[in-house]
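1. need the 3D shape of this:
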Amino acid sequence: MPATTFTTRALLLDMDGTLVNSDAVVERCWHRWAERHGLDPAEVLRVAHGRQGHATMAALLPDRPVEVNLAENERMLDEEKADTEGVVPIPGAPAFLAALAGLPHALVTSADAELARVRMAAAGLTLPPVLVTAESVGASKPDPEGFLKGAAALGFAPADCLAFEDSEAGIAAARAAGVPVIGIGPRAAAHRPTAHALTLDALTVTQGPSGTLTVTLA
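-> Prediction:
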C-alpha cells in the first residue's frame with residue numbers, strides 16, 4: 001500500500017491516547033465515579049475520552065447544576081494528578097516529539113496545565129512549546145475552540161495545520177475547526193479521521209526549504 005502524505009505548516013497534538021497512554025488512570029478514576037453515581041462504567045468511559053471532566057458529567061447527569069460538576073471535576077483532577085501508575089508513552093511518541101524540535105507544534109488537550117505536565121513527565125515526554133489546556137478555553141472538545149486557539153497561537157490558519165487525535169470528541173473538534181486530522185490508535189478508527197495510524201511509529205515528519213512540513217504515514 002502506498003504511503004499517505006500530508007503537507008502542512010504546523011501540528012496540533014492531543015495528549016491522552018495520542019502521545020500518552022493514560023487509559024489505566026482514566027479507567028480507574030471514572031470507574032469509581034460511575035459506581036458512586038450508579039452509572040455503567042463502560043458508558044461513562046465511552047463519553048469521557050477526550051472531554052473535560054465537567055463536560056462528561058454534564059452529558060451523563062444533565063439535571064445537575066453546573067457548579068456541582070465543576071466542583072466534582074476539581075476533585076477528579078486531584079485524583080488523576082496523584083495517580084500515574086501505568087502512564088506510559090504511546091509507541092513512537094518519544095521519537096515523534098524529538099523530530100518536532102524547532103518545528104511549529106502545540107499541545108491541545110482537555111487536561112488542565114498541571115495534569116498535562118504530570119502525565120507528560122510520567123511518560124518521559126517533553127512538553128511542546130505551546131500549550132492549549134482546559135484553562136485556555138471556554139468549551140470542551142468536541143467544541144473546536146481548542147484547535148482554533150492552537151492554530152492561532154502558532155500563527156497559522158486552521159486549514160494549514162494538521163491535528164493528531166484518538167477520541168471521538170477530539171476528532172470531531174478538529175474537523176469542526178477545519179483542521180485535517182490523523183487518528184491515532186484503535187479508538188480513533190471508527191470516528192472518521194482524515195487518515196489513521198495505529199501508533200506514532202508509522203509517522204515521519206520532515207521540513208522542506210520553504211518551512212512546510214511533510215508528514216508521511218507508512
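
2. the chain: helices as residue ranges?
-> For the chain, the helices defined by DSSP state H occupy 23-36, 41-48, 53-60, 66-82, 93-99, 113-122, 145-154, 168-177.

3. among those helices, which comes closest to residue 185?
-> Closest to residue 185 of these, according to C-beta to C-beta: helix 23-36, at 9.7 Å. The C-beta positions use only the backbone N, C-alpha and C, and glycine is treated the same way.

4. any residues touching the closest one, and which ones?
-> For helix 23-36, contacts defined as C-beta atoms under 8 Å, 6 or more residues apart in numbering pick out 16-17, 40-41, 43-45, 48-49, 56, 72, 76, 79-80, 83-87.

5. do the same with stretch 153-163
-> Contacts for stretch 153-163 (C-beta under 8 Å, 6+ apart): 6, 8-14, 104-106, 108, 130, 132, 147-148, 150-151, 170, 174, 177-182, 213, 215.

6. number of nearby residues for residue 44?
-> 20 (other C-beta atoms under 10 Å).

7. sorry, back to before: just the buried ones from the contacts of stretch 153-163?
-> 6, 8-14, 104-106, 108, 130, 132, 147-148, 150-151, 170, 174, 177, 179-182, 213, 215 (16 or more other C-beta atoms under 10 Å).

8. got the buried residues for the helix or strand of the chain with the lowest mean pLDDT?
-> Using mean pLDDT, DSSP states H and E, the weakest-scoring helix or strand in the chain turns out to be helix 41-48, at a mean of 90. Within helix 41-48, the residues that count as buried by 16+ other C-beta under 10 Å are 44-45, 47-48.

9. closest to residue 164 out of those residues?
-> residue 48 (19.5 Å).

10. need the contact list for the spatially closest residue to the closest one that is not a sequence neighbour.
-> In space, residue 48 comes closest to residue 56 once its chain neighbours are excluded; the distance is 4.5 Å by C-beta to C-beta, 6 or more residues apart in numbering. By C-beta under 8 Å, 6+ apart, the contact list for residue 56 reads 30, 44, 47-48.

11. rebuild those as a markdown table, extending it with distance to residue 136.
-> Shown next, in a markdown table, are the contacts of residue 56 (distance: C-beta to C-beta, whole Å):
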| residue | distance to residue 136 |
| --- | --- |
| 30 | 23 |
| 44 | 25 |
| 47 | 22 |
| 48 | 20 |
